[in-house]
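Asker: with the sequence up front, the predicted model follows.
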Amino acid sequence: MGADPVLDYRTPGPGEPALTQRTYAHISCHGLTVIGGSDFVRLANPFSVVKATFCAKCSQMDALAAFVWVDTGEDLRTYRNRVRKAAPAALKIWEIIHITILVLFGFGGVVLGALTGFGRLAVLCGALLGAGLGAVILWPIGRLLHVDFRRYL
Ligand SMILES: [Zn+2]
């Protein structure tokens, strides 16, 4: 483990496979859990909202700091904070822009819904349609910026 968090943020070299699963240990019960699939994608992505994870031994949800990766010994909360700090600036900016644009589109829908004069239902529909339209417009950019964080140990 290097002292420089950016140096620990690495991409597998050519021919080195991205991880498809990883094992973490629950500090309190020492139980091991192998995580894979979409759960692993979400847990590894520090930009996704994950506050707790599951222990396969004691069948309990617990805070991320209560688990450590078996291969590095780093707890999951520290891991996610470190990777987030080291992530490209474009991703951090995108996270803010993305939410702002969704809110603006939703608000635009509210205004348009209110202007129709059909009351609360029109306002609600406007908000949903506005945010939905924003999501559709933003989707290709999100795909372009997508990073598979399972690559980073
Ligand atoms: Zn446990």
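Answerer: Yep, it's here.
Asker: what residue ranges in the chain score low on pLDDT?
Answerer: Across the chain, residues meeting the criterion (pLDDT under 70) sit at 1-18.
Asker: domain ranges for it, per the record?
Answerer: Using automatic domain parsing, the domain parsing of the chain gives 5-86, 89-151.
Asker: any idea how far the shortest one is from the chain center?
Answerer: Here domain 89-151 is found 17 Å from its chain centre; the criterion is Cα atoms, centre = their mean, to the nearest Å.
Asker: quick one: end-to-end length of it, please.
Answerer: Counting by Cα to Cα, to the nearest Å, you get 18 Å between the two ends of domain 89-151.
Asker: residue 62 reaches residue 51, doesn't it?
Answerer: No: counting by Cβ atoms under 8 Å, residue 51 is not a contact partner of residue 62; they are 10.1 Å apart. The C-beta positions use only the backbone N, C-alpha and C, and glycine is treated the same way.
Asker: out of the two, which sits in the busier spot?
Answerer: Taking neighbours as other Cβ atoms under 10 Å, residue 62 and residue 51 compare with residue 62 leading, 17 against 8.
Asker: please report how far the more buried one lies from residue 103.
Answerer: 32 Å (Cβ to Cβ, to the nearest Å).
Asker: again with residue 83
Answerer: Taking Cβ to Cβ, one finds residue 83 at 26 Å from residue 103.
Asker: phi and psi next, for the residue of the chain most remote from its centre.
Answerer: Within the chain, residue 117 marks the point farthest from the mean C-alpha position, 38.9 Å out by Cα atoms, centre = their mean. The phi and psi values for residue 117, taken as degrees, to the nearest 10, are phi 80, psi 10.
Asker: got a list of what residue 25 touches?
Answerer: Applying Cβ atoms under 8 Å, 6 or more residues apart in numbering, one finds that residue 25 lies in contact with 31-33, 67-68, 70.
Asker: can you confirm it is in a strand?
Answerer: Yes: assessed by DSSP: H, G, I helix; E, B strand; the rest coil, residue 25 belongs to a strand.
Asker: I'd like to know how far the most centrally placed residue in the chain sits from the ion.
Answerer: What sits nearest the mean C-alpha location of the chain, by Cα atoms, centre = their mean, is residue 48, with 1.7 Å. With distances defined as Cβ to the ion, to the nearest Å, the gap from residue 48 to the ion amounts to 22 Å.
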